[in-house]
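Novice: Prediction below, plus the sequence it came from.
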Amino acid sequence: MIPPGSTIGVLGGGQLGRMLAHAATRLGYRLHVYEPQENCPAGEVATREFNSAYTDKERLKEFAQGCAAITYEFENVPVKPLWAIEDEVQLRPHWDVLEVCQNRAREKNWLKRNNIPVVPFAEVEAGGDLAAGIRTVGLPCVVKTADFGYDGKGQLKVASKADVAAAQKAFAKSRAVVEGFIDFKCELSVVVARNADGQMSTFPVAENIHTKHILDFSIVPARIESAVAEEAAQLACNIAEAFGLVGLMAVELFLTDDGKLLVNEMAPRTHNSGHWSLDACVTSQFEQQVRAITGLPLGSTEMTAPAAVMVNILGDAWKWDGDALVGSPDWAQLLADPRAKLHLYGKSEPRRARKMGHFTVTGRTMSKTLALARSLKASLND
Ligand SMILES: Nc1ncnc2c1ncn2[C@@H]1O[C@H](COP(=O)(O)OP(=O)(O)O)[C@@H](O)[C@H]1O
Ligand SMILES: [Mg+2]
């Protein structure tokens, strides 16, 4: 066990690190953050901030020497530099989990190898025959860069043969994955934690609504049959077990029209779709991450309200005149409502499509909670 009073390190300094810092310090830990960019959201609330490239082995070593365990809040941390610190400190999860999750081709092959249902896919090397990959999978499909994709970046839908040439041009220099386009009933996610003793715990399944590939709403509990929710939780546990995970991870899934669950992607960290747990769960996903990596007993994931809806607040909610920023959202109605909780990440510069904060609404019935969430969202730029 890593007792309270010890120092935890986190690689990445965005909002997930910031909320981890809140949870860690509340339990009496110190939190050190390592992030290339100065004045990051997590650095503002962490005990100490290290700013250097992820490939700076000296600085990483110095960071590692001050920590009892290191976790992640960003999955595109390069893996190789971590080899140099793995003898100094517990990496939780281990870098091999990170390595699988940060590349879509490795991720999908890993899932297939471990008998986890996955979206039909084909891999195409950089400069390889994308048209052949598309033929293998069939139309319609989605082409994604294997590396560094997030919030729908590096993705292109190929609906018909006429789109193939544009995709070939766009992905000429990238290693890519071609995926069958899934006409899903809904998108789901499960956050799972596992500790070094093999104890596991899942959060209630979230139903996620994306707009322009970015998470817009998370609805918890998901409006699905309980057998499907149990199956989703079981898949997340199977994945955590197969990795020998020590830490926390999120699994995104598609529920198809014929009731099948397919894993879309995994993240070896807390997840946007788990933010509702800060305001509607006995233990938040951030506290659970702390508990899982330190060896404290895992916390209860029981909800504290029958229904919760999390709404992302993007830079779009600010007032714009063309490209010029002309004002802030109107927070008054949201802040006045006792059923809503606002979280802002302290990012200095709002940009369109940039995650600036979120709010969670709780209530007794899902239909009313969702309606209130939508109307409070609309109130931000009345
Ligand atoms: N194969 C697919 N079929 C249908 N929709 C997809 C598919 N892949 C991605 N999407 C949509 O795009 C969103 C973002 O894609 P995802 O693979 O999760 O990448 P990331 O979240 O890393 O940007 C998904 O949540 C889903 O709404
Ligand atoms: Mg995703």
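Specialist: Sure thing, it's come through. Ligands and ions are numbered 1, 2, ... in the order given.
Novice: same question for whichever strand or helix holds A64, mean pLDDT?
Specialist: Here A64 sits within helix 57-65, counting by DSSP states H and E. Mean pLDDT, computed over helix 57-65, is 98.
Novice: Which other helices and strands does that helix contact?
Specialist: Judged by 3 or more Cβ pairs under 8 Å, 6 or more residues apart in numbering; DSSP states H and E, helix 57-65 is in contact with strand 30-34, strand 48-50, helix 80-83. To be clear about C-beta, it is placed using only N, CA and C from the backbone, and glycine gets the same treatment.
Novice: Tell me the residues of the chain that contact ligand 1?
Specialist: Proximity of the chain to ligand 1 is confined to 119, 142, 149-152, 179, 181-182, 187, 210, 213, 252, 264-265 under the rule Cβ under 6 Å from any ligand atom.
Novice: Mind jotting down where the strands sit in the stretch 51-200 of the chain?
Specialist: 69-72, 90-91, 121-124, 141-145, 155-158, 176-180, 184-194, 200-202 (DSSP state E, counting those that start in this stretch).
Novice: The second one: partners in the sheet, and parallel or antiparallel?
Specialist: Read that as strand 90-91. strand 69-72 (parallel) (DSSP bridges).
Novice: The fifth one too?
Specialist: Strand 155-158 pairs in its sheet with strand 141-145 (antiparallel), by DSSP bridges.
Novice: The last one too?
Specialist: Sheet partners assigned to strand 200-202 using DSSP bridges are listed as strand 184-194 (antiparallel).
Novice: Mind listing what's buried along the strand it pairs with?
Specialist: Buried residues in strand 184-194, counting neighbours by 16 or more other Cβ atoms under 10 Å, are found at F184, K185, C186, E187, L188, S189, V190, V191, V192, A193, R194.
Novice: and what of stretch 194-206?
Specialist: So, applying 16+ other Cβ under 10 Å, buried residues of stretch 194-206: R194, N195, A196, M200, S201, T202, F203, P204, V205, A206.
Novice: now it: mean pLDDT?
Specialist: Stretch 194-206 comes out at a mean pLDDT of 98.
Novice: ok, and what's touching that stretch?
Specialist: By Cβ atoms under 8 Å, 6 or more residues apart in numbering, the residues outside stretch 194-206 that reach it are 188-193, 218-222, 224, 229, 232-233, 236-237, 240-241, 245-248, 273-274, 276-277, 281, 285, 288, 291-292, 295, 297-299, 301, 303.
Novice: Tell me which of those residues fall in helices.
Specialist: Judged by DSSP state H, these include A229, A232, A233, A236, C237, A240, E241, S277, Q285, Q288, R291, A292 as members of helices.
Novice: Report the buried members of these.
Specialist: Buried among the ones in helices among the contacts of stretch 194-206 (16+ other Cβ under 10 Å): A229, A232, A233, A236, C237, A240, S277, Q285, Q288, R291, A292.
Novice: Grab the nearest non-local neighbour of the last one.
Specialist: Counting by Cβ to Cβ, 6 or more residues apart in numbering, A292 lies nearest to A193, which is 4.2 Å off, once chain neighbours are set aside.
Novice: give the contact list for that neighbour.
Specialist: M200, S201, T202, A240, G247, L248, Q288, Q289, R291, A292, L298.
Novice: That one bridge partners, please.
Specialist: In beta-bridge terms (that is, DSSP bridges), A193 pairs with S201, L248.
Novice: Kindly provide the distance from it to V290.
Specialist: Per Cβ to Cβ, to the nearest Å, A193 is found 10 Å from V290.
Novice: Same question for G180.
Specialist: Using Cβ to Cβ, one obtains 38 Å as the distance from G180 to V290.
Novice: With neighbour numbers in mind, choose between these two.
Specialist: V290 (27 against 17; other Cβ atoms under 10 Å).
Novice: residues in contact with the residue lying closest to that one once chain neighbours are set aside?
Specialist: The spatially closest residue to V290, leaving aside those adjacent along the chain, is A24, at 5.0 Å (Cβ to Cβ, 6+ apart). The contact partners of A24, taken as Cβ under 8 Å, 6+ apart, are I8, R30, L31, F286, V290.
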